[in-house]
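Trainee: sequence-free structure coming up:
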């Protein structure tokens, strides 16, 4: 029974016993026929032949997800041959699935972030707007200044206790994931924006007894994260920044990336972000690589200064 016939038998089984859709069967057929074309005797292939084939498709530029799909089809094919007594082993058993690349986080440039903060400050200081709009603008200014200064998760930001604004200190303790406390910095601009917001907050009777810095008439008692995300996109649009480009999480990424670009240590950024594992913070290694390239190009005596 040759490979082509065994592929047909496998596809018949997938259709009859597993109820695989026609599109799925067509996809399986393409993957198996491609493997057979490159390996030769697919049904009798050894592990090394399959490993070489996977290396070949990686070299052809297939994404990690496509490589993983092709390996998955081969695993099912050899599992079928084993169950049918057509093979006594599974040559894919010791093969590792290709690791999927983690997408790089969206970030804003320092110039864009500066424009966003300047716009928030301008709107917060505009006394010509109505009362409700002025309150919202002061709140937004405090939110974005604190977020960019600290890199807090949005859930940590909107639920900040009022006591944070009552102390004029450069650091405060925030409780993050897993109920773990960490110390985060607070810039002078962020403290000033919080004090201005606190002045406006005290004028709203409904907020007087709230223990939250950013109270709201919500189930949690504080500003919902969805409301902040929506208002942030509005601020971005008024700044001339595409709304789709920004979110509270993007500002958190900007905080981390800009620190690294300006010389911060990856371990320090890990602590500031509240990442339990350094591997989570390593999505920013591309920033470090760019910084190291600039360092070498700018300061190494053999660097090409004209490029």
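Mentor: Sure, I can see it. Keep in mind that what you see is a predicted model, and the values were worked out from it rather than measured.

Trainee: OK, contacts around the nearest residue to residue 185 once chain neighbours are set aside?
Mentor: Leaving aside its sequence neighbours, residue 185 sits nearest to residue 171 (CB to CB, 6 or more residues apart in numbering; 5.7 Å). In short, each C-beta sits where N, CA and C put it, glycine included. With contacts taken as CB atoms under 8 Å, 6 or more residues apart in numbering, residue 171 has the following neighbours: 183, 184, 185, 186.

Trainee: quick one: which of these is nearest to residue 244?
Mentor: Sorting these by distance to residue 244 puts residue 184 at the head of the list, at 28.0 Å, by CB to CB.

Trainee: and the residue nearest to residue 185, how far from residue 248?
Mentor: Between residue 171 and residue 248 the computed distance is 21 Å (CB to CB, to the nearest Å).

Trainee: same check, this time on residue 232
Mentor: When distances are taken as CB to CB, residue 232 and residue 248 turn out to be 6 Å apart.

Trainee: cool, and residue 32?
Mentor: The separation that residue 32 has from residue 248, given CB to CB, amounts to 46 Å.

Trainee: swap in residue 271?
Mentor: Spatial separation of residue 271 from residue 248 under the definition CB to CB is 20 Å.

Trainee: residue 149 now?
Mentor: As for residue 149, its distance to residue 248 is 14 Å (criterion: CB to CB).

Trainee: kindly report the same for residue 227.
Mentor: Counting by CB to CB, the gap from residue 227 to residue 248 is 11 Å.

Trainee: the more surrounded of these two?
Mentor: Set side by side, residue 227 and residue 248 show more neighbours around residue 248, with 21 against 13, by other CB atoms under 10 Å.

Trainee: find the nearest non-adjacent residue to that one, please.
Mentor: Excluding the flanking residues, the one nearest residue 248 by CB to CB, 6+ apart is residue 154, at 3.8 Å.

Trainee: for that neighbour, give me the pLDDT.
Mentor: The score at residue 154 is 93. That number is its pLDDT.

Trainee: bridged to residue 183, which residues?
Mentor: Beta-bridge partners for residue 183, by DSSP bridges, are residue 173.

Trainee: state the number of residues packed around it.
Mentor: Using other CB under 10 Å, residue 183 is surrounded by 10 other residues.

Trainee: residue 84 versus that one, what's the distance?
Mentor: The spacing between residue 183 and residue 84, counted by CB to CB, is 62 Å.

Trainee: so, low pLDDT: which residues of the stretch 201-307 of the chain?
Mentor: 277-307 (pLDDT under 70).

Trainee: for the helix or strand harbouring residue 28, give the mean pLDDT please.
Mentor: With elements delineated by DSSP states H and E, residue 28 resides in helix 22-39, which encompasses its position. Rounded to a whole number, the mean pLDDT of helix 22-39 is 89.

Trainee: mind listing the helices in the stretch 51-200 of the chain by residue range?
Mentor: In the stretch 51-200 of the chain, helices defined by DSSP state H, counting those that start in this stretch lie at 64-83, 110-124, 131-150, 154-158, 163-166, 188-201, listed in chain order.

Trainee: quick one: low-confidence ranges for the stretch 51-200 of the chain?
Mentor: Within the stretch 51-200 of the chain, the set of residues satisfying pLDDT under 70 comprises 99-106.

Trainee: per-domain residue ranges of the protein.
Mentor: Domain assignment for the chain, taken from automatic domain parsing, gives 3-83, 110-245.

Trainee: what's the neighbour count on the residue lying closest to residue 66 once chain neighbours are set aside?
Mentor: Across the structure, with CB to CB, 6+ apart as the measure, the residue nearest residue 66 apart from its sequence neighbours is residue 57 (7.5 Å). Other residues near residue 57 come to 18 when the count uses other CB under 10 Å.

Trainee: OK, contacts around residue 57?
Mentor: Contacts here follow CB under 8 Å, 6+ apart; on that basis residue 57 touches 34, 66, 67, 70.

Trainee: can you tell me how far it is from residue 38?
Mentor: Computed with CB to CB, the distance linking residue 57 and residue 38 is 8 Å.
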